[in-house]
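Chemist: sequence? don't have it. structure:
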Ligand code: NAP
C-alpha cells in the first residue's frame, strides 16, 4: 500500500517549483492533495483552489473549501514564499518588505492557524524554510529575516503543540532551480540565471523527497529540521562553480 493512502494534504504555493513537486510526491504516495496559489491555471493537483496567503479572506475561503472537499486534513505544507531583489538593505522599499514578510511569515502563520483546528491526530505540518533562515548573507536582509522568522515560529509552535499528536518539520533547502530566482529578479532572465551558473543545483523534486521522508516516518518519529543543499554549496553564498 502507498505510504499516504487515505491521507489528505494541503500544499500552498503548489503552482510551481518545490510546491508543485511536493504535491506530485504526496499524490504519488496516495494522498489526496489540495493545491493553492494565485496562478490557479498552473495548479495540477486533484483539488485546485485560488489562494493568496497575504489575504486573510482568500486564506479562509481556501481552507473552508479545501477541508470540505478533502473531508479533513492530515498534512499541511506551508511552502508559498518568495524573496525580492538582492540589494543592500537601504535600497529596500516599504512595499517589497510588506510583500516578503506578508507572504513568507504572516501567510505561513495565518495558514497554520486556520488549518490547525482541522488537522487530525497523527497529522503533520511542514514549513518550508531556507538555509537563509540559518545563516545571514549580504543583500538579502528581508528574505533572511523572513526565513529566520519561519524557524522561530516553528520552534515556538513545537512548544505549544507538545503533547498533541501533530508532527512539525522545517525543511531548509539551499540553492534550488525553480521560478524563485525569476520572481526575485522581477523577470530579468539574465539575473535569474546567474545563481545557477556553473553549479548543479537542487531540483524541486529533491526537496519534495525530503518532505515526503518527513511525513512518512512512523507516528512517534518527528523530523524537526531537514537541511538540504547542493553538494557544491557550503553556505548561502559559498558555492564551488565550475
Ligand atoms: P517558485 O517556483 O517561485 O514557487 C513559489 C510558489 O509560491 C509559487 O507556487 C507561487 O504561486 C507561490 N506564492 C508566492 N506568493 C504567493 C501568495 N501570495 N499566495 C499564494 N502562493 C504564493 O519558488 P520555489 O523555489 O519553489 O519556492 C518555494 C519555497 O521554497 C519558498 O518558500 C522559498 O522561500 C523556499 N526556498 C526556495 C529556495 C530556492 O533556491 N529556490 C531555497 C530555499 C527555500 P503563485 O505565484 O501562483 O501565487
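Modeler: Thanks, I have the structure now. Computed from a predicted model, the values in this text were never measured in an experiment.
Chemist: all contacts plus neighbour counts: C-alpha atoms, from now on.
Modeler: OK.
Chemist: ok, the longest strand seen in the chain: who's next to it in the sheet?
Modeler: In the chain, taking DSSP state E as the definition, the longest strand is strand 119-128. Strand 119-128 pairs in its sheet with strand 73-78 (parallel), strand 166-173 (parallel), by DSSP bridges.
Chemist: determine which stretch of the ones you listed is the most buried.
Modeler: strand 73-78 (a mean of 26; mean count of other Cα atoms under 10 Å).
Chemist: and the next helix or strand past it?
Modeler: Using DSSP states H and E, the next helix or strand after strand 73-78 towards the C-terminus is helix 94-101.
Chemist: packing partners of that following helix?
Modeler: Using 3 or more Cα pairs under 8 Å, 6 or more residues apart in numbering; DSSP states H and E as the contact test, the elements touching helix 94-101 are helix 141-161.
Chemist: residues of the helix it packs on that come out buried?
Modeler: 141-151, 153-155, 158 (16 or more other Cα atoms under 10 Å).
Chemist: now do the contacts for residue 96.
Modeler: Residues near residue 96 by Cα atoms under 8 Å, 6 or more residues apart in numbering: residue 84.
Chemist: just want the angle from the longest strand of the chain to helix 141-161.
Modeler: 160 degrees (axes from the mean of the first three to the mean of the last three Cα atoms, to 10 degrees).
Chemist: does any bit of strand 119-128 sit next to the ligand?
Modeler: Yes: on the criterion Cα under 6 Å from any ligand atom, strand 119-128 is in touch with the ligand at residue 128.
Chemist: what does stretch 136-150 contact?
Modeler: 82-89, 97, 100-101, 104-105, 108, 127-130, 132-135, 236-237.
Chemist: just the mean pLDDT for that stretch, thanks.
Modeler: Average pLDDT, stretch 136-150: 98.
Chemist: and it, is it in reach of the ligand?
Modeler: No: Stretch 136-150 lies out of reach of the ligand by Cα under 6 Å from any ligand atom, never closer than 7.4 Å.
Chemist: what distance do you get for residue 151 to residue 75?
Modeler: Per Cα to Cα, to the nearest Å, residue 151 is found 18 Å from residue 75.
Chemist: residues contacting the most centrally placed residue in the chain?
Modeler: With distances taken as Cα atoms, centre = their mean, residue 79 lies nearest the centre of the chain, 1.9 Å away. For residue 79, the contacting residues are 11, 12, 13, 14, 18, 19, 108, 127, 128, by Cα under 8 Å, 6+ apart.
Chemist: farthest-separated two in those?
Modeler: For the contacts of residue 79, the maximum inter-member distance is 15.4 Å, found between 18 and 108 (Cα to Cα).
Chemist: the more surrounded of these two?
Modeler: Taking other Cα atoms under 10 Å, residue 18 and residue 108 do not tie; residue 18 has more neighbours (29 against 24).
Chemist: returning to what we had before: residue 33 is nearest to which of the strands paired with strand 119-128?
Modeler: Among those, strand 73-78 comes nearest to residue 33, with 9.1 Å by Cα to Cα.
Chemist: any residues of this protein in contact with the ligand? List them.
Modeler: 12-19, 37-39, 51-54, 79-82, 103, 128-130, 173-180.
Chemist: quick one: which of the residues you listed sit in helices?
Modeler: Taking DSSP state H, the ones among the residues of the chain next to the ligand that sit in helices are 17, 18, 19, 180.
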